[in-house]
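1. Here is my input; please provide its structure:
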Amino acid sequence: QLQLVESGGGLVQPGGSLRLSCAASGFTFSAFPMSWVRQAPGKGLEGVIAIDSHTTSTTYADSVKGRFTISRDNAKNTLYLQMNNLKPADTAVYYCARPVGSVYSKEYDYWGQGTQVTVSS
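-> I've put the predicted structure just below:
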């Protein structure tokens, strides 16, 4: 059974950092691109950043460029999102998701349960 389980969310002050993790199981993690998708309160889903199976990343949200870094450890079947210089606008539920077909896809076939990130003083 395929599972994606996120962890690492929480409350952080503006300018702070968090690292999210996503533990994957039930499929050959190293063979697939992976993404982080977020949903801010009252807003739709936003594809934030993605990484292909060879660890080349693609950032979709201009608002996070230079602040967010995606990485993966294929030996541990784990995806990461390092978030620095966090802003209140980054407040959202963050989901680990598997894109359909390629790293550039905005369609996803599997999702985690999400982890809440709140940026507030």
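2. Centroid-nearest residue for the chain?
-> By Cα atoms, centre = their mean, the chain has its centre lying nearest to Trp36, at 2.4 Å.
3. And the helix-or-strand element of the chain with minimal mean pLDDT, what does it pack against?
-> Lowest on mean pLDDT, DSSP states H and E among the helices and strands of the chain sits strand 57-59, with a mean of 78. In this structure, strand 57-59 packs against strand 45-51, strand 68-73, with contacts taken as 3 or more Cβ pairs under 8 Å, 6 or more residues apart in numbering; DSSP states H and E. Where C-beta positions appear, they are placed from N, C-alpha and C, glycine not excepted.
4. Pull out the buried residues from it.
-> Thr59 (16 or more other Cβ atoms under 10 Å).
5. Tell me which strands it pairs with, and in which orientation.
-> Partner strands for strand 57-59, per DSSP bridges, with pairing direction: strand 45-51 (antiparallel).
6. Residues in contact with the partner strand: which ones?
-> Outside strand 45-51, the residues that touch it by Cβ atoms under 8 Å, 6 or more residues apart in numbering are 33-40, 57-61, 64, 68-72, 79, 81, 92, 94-95, 99, 103-104, 106.
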